[in-house]
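Visitor: Could you work out the structure for the sequence below:
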Amino acid sequence: MLSQTILKQNAKTSIKAGLAGAGLDASSQIGAQLTNQIIGNNGYVNFNDINLDYDSIAFSGVAGAVTIPSYIDSYKAIRYSWDARQILKNQLKNAKTPNSQNKIQGRIKKHDKIMLKHGGFQFSNKIMQDIIKNSIDTQESE
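Guide: From the prediction side, this is the model:
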């Protein structure tokens with residue numbers, strides 16, 4: 001029962017993120033074309049001349065649906081470890097024995113590794129999105 005609830009929440013998050021990604025892509029395309037028409041035509045806009053790149057919109061929708069829930073979970077892990085690390089640093093100031101200092105330092109290192117791992121995930125995800133997006137743009141221009 002609990003796993004079904006979690007699955008439904010993840011699906012809702014994925015759908016919302018996918019719609020948001022596609023909506024942002026379409027909005028930016030429309031905004032750019034409107035701006036170009038306004039500048040190029042002395043304020044006149046012909047809505048029939050607006051062309052959308054549907055492949056790009058679909059990509060943004062899928063990319064948003066797939067990656068945003070992972071981004072959110074990763075961000076939460078980073079945030080938790082950051083807060084825990086700050087608390088541990090304060091505890092380290094009051095630790096009296098070398099044994100307790102070593103234990104606290106070990107826990108700080110554990111949280112550092114978690115933040116590094118999730119930060120690397122965030123960075124590599126962004127790089128992969130850029131690579132895929134650029135390869136789609138390159139194929140379309142050829």
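
Visitor: Could you list the low-pLDDT ranges of this protein?
Guide: Along the chain, the parts satisfying pLDDT under 70 run over 1-19, 21, 65-69, 132-133, 135-142.

Visitor: Quick check: most distant residue from the centroid of it.
Guide: Thr97 (42.1 Å; C-alpha atoms, centre = their mean).

Visitor: Got the phi and psi for it?
Guide: phi -90, psi 150 (degrees, to the nearest 10).

Visitor: all helices for the protein, in order.
Guide: Taking DSSP state H, the helices of the chain run over residues 2-40, 54-94, 98-141.

Visitor: For Asn48, which of the ones you listed is the nearest?
Guide: Closest to Asn48 of the helices of the chain, according to C-beta to C-beta: helix 2-40, at 10.7 Å. (C-beta placed from N, C-alpha, C; glycine too.)

Visitor: related to what we said a few turns ago, export the helices of the chain to a markdown table and tack on distance to Asn48?
Guide: Listed next are the helices of the chain as a markdown table, based on distance: least, C-beta to C-beta, whole Å:
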| stretch | distance to Asn48 |
| --- | --- |
| helix 2-40 | 11 |
| helix 54-94 | 17 |
| helix 98-141 | 22 |
